[in-house]
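Enquirer: The following block contains a protein sequence and its predicted model.
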Amino acid sequence: MSASPLLAIRALRAAYGNIEALKGVDLDIAPGEIVALIGSNGAGKSTLMMSVFGKPRAQSGSIEFDGRDITHVPTHLVARLRIAQSPEGRRIFPRMSVAENLQMGADAVENNTPAERASSLDRVLALFPRLKERLTQRGGTLSGGEQQMLAIGRALMSRPRLLMLDEPSLGLAPLIARQIFDAIRTLNKQDGLTVLIVEQNANHALRLAHRGYVMVNGLITMTGSGSELLARPEVRAAYLEGGRH
């Protein structure tokens, strides 16, 4: 990786009570990269992503964003740096309309001008035309795929420099999952958006990603380009041939 990392995680340790979830993790993401983080349930993938926002707070090690140490920066200030997350389980506001959910994403950062909000909304609706048809509909009445589109759209409304996606294909039909991955690819190619994607669907994630990391029991055990990891026999055995496709 030649460019200076946009996100640099070094020797990161974090725990839930007495349970150590991250045991000294190193991970880099360069500007404009899609990086996939794969591993089995309980490996620590979601914990690593959430630790960027300080939940859980790092016990040791460091997290830097664009050269700034954010290891102990409060969660709401991390979001203002234009780091956005679409969490596992979507966590949309079910009683709010689609439009109101998207507005919440725009409100997450300061100095989002009306013109920028309008531009972001146009971008999201062009990316996910289904949402345009449902702007006045309550979020909780959407299908699972539509809710995932809404969760990603809400994150995009903050005009992020780094988009972090936690299990975006979980529970979705293959066709809808493919649409989600196609949208991520489009954002990266057309807008240069930097993306960290946590996925159990290793096949889709590594085909999408420029680089990938494999996490096992709170540790990074392998790294390489997406194609390199797809070709590794141990990756295929653990996450492709006997796992999710």
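Expert: Right, received. Where do you want to start?
Enquirer: Please count neighbours and contacts with C-alpha atoms only from this point.
Expert: Will do.
Enquirer: tell me which strands and helices the longest helix along the chain is in contact with?
Expert: In the chain, taking DSSP state H as the definition, the longest helix is helix 174-191. Applying 3 or more CA pairs under 8 Å, 6 or more residues apart in numbering; DSSP states H and E, we find helix 174-191 packed against helix 144-156, helix 202-208.
Enquirer: For the worst-scoring helix or strand of the chain on mean pLDDT, which residues meet the burial criterion?
Expert: Of all helical and strand segments in the chain, the minimum by mean pLDDT, DSSP states H and E falls on helix 75-80, at a mean of 89. By 16 or more other CA atoms under 10 Å, the buried positions in helix 75-80 come out as 75, 78, 79, 80.
Enquirer: which SS state does residue 24 fall under?
Expert: Here residue 24 is recorded as strand under DSSP: H, G, I helix; E, B strand; the rest coil.
Enquirer: Point me to the helix or strand that includes residue 165.
Expert: strand 162-166 (DSSP states H and E).
Enquirer: what does that strand contact?
Expert: Residues outside strand 162-166 that contact it (CA atoms under 8 Å, 6 or more residues apart in numbering) are 46, 49, 82-88, 152, 155-156, 193-199.
Enquirer: Buried among the residues you listed? Make that a ChimeraX selection.
Expert: To isolate the buried members of those in ChimeraX, using 16+ other CA under 10 Å:
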select :46,49,82,83,84,85,86,87,88,152,155,156,193,194,195,196,197,198,199
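Enquirer: from the contacts of strand 162-166, which ones fall inside helices?
Expert: Per DSSP H, these map to helices at 46, 49, 152, 155, 156.
Enquirer: give the contact list for the spatially closest residue to residue 177 that is not a sequence neighbour.
Expert: The shortest distance from residue 177 to any non-neighbouring residue, by CA to CA, 6 or more residues apart in numbering, is to residue 169 (5.0 Å). Listed by CA under 8 Å, 6+ apart, the contact set of residue 169 reads 177, 180, 199, 201.
Enquirer: and residue 169, what element?
Expert: Using DSSP H and E, no helix or strand contains residue 169.
Enquirer: Kindly provide the distance from it to residue 202.
Expert: Going from residue 169 to residue 202 by CA to CA, to the nearest Å gives 11 Å.
Enquirer: low-scoring stretches of this structure, by residue?
Expert: The chain contains residues with pLDDT under 70 at 1-3, 241-245.
Enquirer: Could you list the domains of it?
Expert: In the assignment given by automatic domain parsing, the structural domains of the chain cover 1-81+161-245, 93-157.
Enquirer: Would you agree residue 5 is in contact with residue 29?
Expert: Yes. Contact criterion CA atoms under 8 Å: residue 5 and residue 29 qualify, at 5.3 Å.
Enquirer: higher neighbour count, these two?
Expert: residue 29 (24 against 19; other CA atoms under 10 Å).
Enquirer: Just to check, that one is in contact with residue 10?
Expert: No. Using CA under 8 Å as the test, residue 29 is too far from residue 10 to be in contact (12.0 Å).
Enquirer: excluding its backbone neighbours, what's nearest residue 6?
Expert: residue 66 (4.6 Å).
Enquirer: got the contact list for the one you found?
Expert: Contacts of residue 66 by CA under 8 Å, 6+ apart are 5, 6, 7.
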